[in-house]
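Asker: Got a predicted structure here, sequence first:
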Amino acid sequence: MDFFEVNKIAGGLLLAGVVTIFIGIFGNTLVPKHDGGHGVEPREADMAAAAPAARSEPAGPEPIAGMLAEADIARGESITKKCTACHTFDEGGAAKQGPNLYNIVGADIAAREDFGYSDAMAEQEGDWTYANLNAFLHKPKKFIKGTKMTFVGLKKARDRADLIAYLRSLSASPQPLPEGGAPEPEKEGEAEPKAALPAEPDRRQAVREPAPAPETEDRLGWSFSLIGAAMAAEPAKSLAERLAAADPEAGKKVWRKCKACHTIKKGGKKRIGPNLWNIVGADVGAREGFKYSKGMLAFGGQWTYERLDAYLTKPRKVVKGGKMSFVGLKKPKDRANVIAFMRGMADEPLPLP
Ligand code: HEC
Ligand code: HEC
């Protein structure tokens, strides 16, 4: 709660600055929809019909929000064997019988451009919130009547939680885990999820809780928490500021993660990756004797600070078709430090930005 409060306040301060991005991404969801909860209500009704509601929540799939933090992502990946006949999961993967599912958590429903959805799915409003995914993967045909996804569903809550945790990981910037404290106090369920899970209270209530106006409020909360999470992970410092404050010695420690594949001394050998002496400011993909991926060669240009920072965040996202199999450095500080270290490994270090 405190954590969220802090973020909320900080989020408010930042709001002005990010409002444009914000509107770009969430604009359509911030505008209250004329048909408000209609996208949700029929589903509640369906689910209520499926089982008697014992609690105030609509009866439906067992909620998984509280399980996500502890979910087993590797196990989730293995569950996708049930999906791979129809879906690809890699970034930029082709549509099969179903759409590609990279970065689906938090994405708009039925929004993959290269896929022809059923009318039923195309007409769905909203995003793939955790709650929506949970309900859909529990019983696809029940959650979206008329969907053409002919998959029976995953009965076990744990299977859904593990799978959704894996889906969440398939993103350059994974959605925050469900968190409590949407700007508006939760309706009737307030005490229950918080008591159940103090650290990660569930607030993905769109499906679980028939709140009167969840569409707008909930998404607003979601957006706030995105900003909050972004800020918690990434204090709003520019790359130039981060580099100015960077510590090459600390960067040398971060470099340990790179050593298995790269040397950085002058004249060092290639390993799985090229030697990186004097790489900051150098041409991309230009080390003699190293066979680069087509993706890297197509990327071209120079290793500016910005590009290095982006590449080291998510190599495969920034260099499409690249072959550096390194997950990336999530912490902006680690990236700045390692870049500062690499910068020093040159006869004439590139001036800082
Ligand atoms: C037999 C093929 C098939 C299987 C198996 C299958 N799906 Fe699907 N899936 C589809 C089709 C077809 C659609 C599009 C549905 C529509 O347009 O109504 C879809 C749509 C989806 C969507 C919505 C995507 C969007 O862009 O909004 C998600 C999420 C999804 N599937 C997840 C899964 C997961 C996770 C599994 C495995 C547990 C799975 N599917 C198994 C065929 C399948
Ligand atoms: C698992 C092996 C592996 C690890 C770990 C790894 N890299 Fe790489 N790296 C590669 C490969 C392979 C390439 C060539 C990529 C291509 O051709 O697409 C590469 C390319 C690069 C390039 C571009 C080089 C050029 O000549 O244009 C940079 C910069 C880089 N890596 C930095 C790093 C840093 C910094 C780390 C650690 C934080 C790191 N790498 C960790 C394998 C690795």
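Answerer: Thanks, I have the structure now. Residues are numbered from 1 along each chain as shown. Ligands and ions are numbered 1, 2, ... in the order given.
Asker: My read is that R160 contacts F136, right?
Answerer: No - using C-beta atoms under 8 Å, R160 is not in contact with F136; the gap is 9.5 Å. Every C-beta, even on glycine, is put in place using the N, C-alpha and C of the backbone.
Asker: Compare these two and say which is more crowded by neighbours.
Answerer: Using other C-beta atoms under 10 Å, the more surrounded residue of R160 and F136 is R160, with 28 against 25.
Asker: show me what contacts that one?
Answerer: P61, I64, L133, N134, L137, H138, L154 (C-beta atoms under 8 Å, 6 or more residues apart in numbering).
Asker: secondary structure element for the third one?
Answerer: Here L133 is covered by helix 130-138, with elements defined by DSSP states H and E.
Asker: what's the average pLDDT for that helix?
Answerer: What helix 130-138 shows for mean pLDDT is 95.
Asker: got any ranges where the chain has weak pLDDT?
Answerer: 1-59, 179-236 (pLDDT under 70).
Asker: How is it divided into domains?
Answerer: 2-233, 239-344 (automatic domain parsing).
Asker: Pull the contacting residues for the closest residue to I79 other than its chain neighbours.
Answerer: Closest residue in space to I79, ignoring its immediate chain neighbours: L163 at 4.6 Å, by C-beta to C-beta, 6 or more residues apart in numbering. Applying C-beta under 8 Å, 6+ apart to L163 gives the contacts G76, I79, T80, L137, L154.
Asker: what's the next secondary structure element after the helix holding L133?
Answerer: Using DSSP H and E, the first helix or strand after helix 130-138 is helix 140-143.
Asker: Contact residues of this structure facing ligand 1?
Answerer: 82-83, 85-87, 97-99, 101, 104, 109-110, 112, 117-118, 120-121, 128, 137, 147-151, 154, 163 (C-beta under 6 Å from any ligand atom).
Asker: So for the helix or strand containing I79, what gets flagged as buried?
Answerer: Taking DSSP H and E as the criterion, I79 maps to helix 73-79. Of all the residues in helix 73-79, those buried under the rule 16 or more other C-beta atoms under 10 Å are G76, E77, I79.
Asker: and which of these is nearest T313?
Answerer: Closest approach to T313 among these (C-beta to C-beta): E77, at 21.7 Å.
Asker: Any figure for the gap between that closest one and G301?
Answerer: 34 Å (C-beta to C-beta, to the nearest Å).
Asker: With T129 instead?
Answerer: Taking C-beta to C-beta, one finds T129 at 38 Å from G301.
Asker: ok, those two, which is more surrounded?
Answerer: Neighbours per residue (other C-beta under 10 Å) separate T129 from G301, with T129 holding more: 23 against 9.
Asker: circling back to that earlier point, other residues contacting the helix holding I79?
Answerer: L154, D159, A161, D162, L163, I164, A165, Y166, L167, S169.
Asker: Name all residues that make contact with the closest residue in space to R112 that isn't next to it in sequence.
Answerer: Spatial nearest neighbour of R112, chain neighbours left out: P99 (4.0 Å); criterion: C-beta to C-beta, 6+ apart. With C-beta under 8 Å, 6+ apart as the criterion, the residues that contact P99 are H87, R112, D114, F115, Y117.
Asker: Repeat that for L308.
Answerer: I279, V280, R335, I339, M342.
Asker: just those now: which is nearest ligand 1?
Answerer: Minimum distance to ligand 1 across those is 31.2 Å, recorded for R335 (C-beta to the nearest ligand atom).
Asker: so which strand or helix has the residue of the stretch 1-150 of the chain found nearest ligand 2?
Answerer: Closest approach between the stretch 1-150 of the chain and ligand 2, counting by C-beta to the nearest ligand atom: E91, at 14.3 Å. E91 belongs to no helix or strand when elements are defined using DSSP H and E.
Asker: So what's the residue count around it?
Answerer: By other C-beta under 10 Å, neighbour count at E91 equals 15.
Asker: now swap in P140 and tell me
Answerer: Neighbour number of P140 under other C-beta under 10 Å is 19.
Asker: Surely it touches M149?
Answerer: Yes - if you go by C-beta under 8 Å, P140 and M149 touch, sitting 4.7 Å apart.
Asker: Which of the contacts of helix 73-79 fall within helices?
Answerer: Counting by DSSP state H, the contacts of helix 73-79 place D159, A161, D162, L163, I164, A165, Y166, L167, S169 in helices.
Asker: Which two of those residues have the greatest separation?
Answerer: D159 and S169 (16.0 Å).
Asker: Of those two, give the one with the bigger neighbour count.
Answerer: D159 (18 against 14).
Asker: and that one, what does it touch?
Answerer: I79.
Asker: Could you report the distance from the residue of the stretch 151-300 of the chain found nearest ligand 1 to T80?
Answerer: Closest approach between the stretch 151-300 of the chain and ligand 1, counting by C-beta to the nearest ligand atom: F151, at 3.9 Å. Distance, F151 to T80, by C-beta to C-beta: 12 Å.
Asker: Leaving out sequence neighbours, find the closest residue to the residue of the stretch 1-150 of the chain closest to ligand 2.
Answerer: Y102 (4.6 Å).
Asker: How many residues are close by that neighbour?
Answerer: 19.
Asker: so what's it up against?
Answerer: T88, F89, D90, E91, G92, G93, L170, S171.
Asker: Quick check: which element contains it?
Answerer: Using DSSP H and E, Y102 falls outside every helix and strand.
Asker: contacts with ligand 2 among the contacts of L308, please.
Answerer: I279.
Asker: Could you let me know which of the contacts of L308 ends up closest to L177?
Answerer: R335 (22.8 Å).
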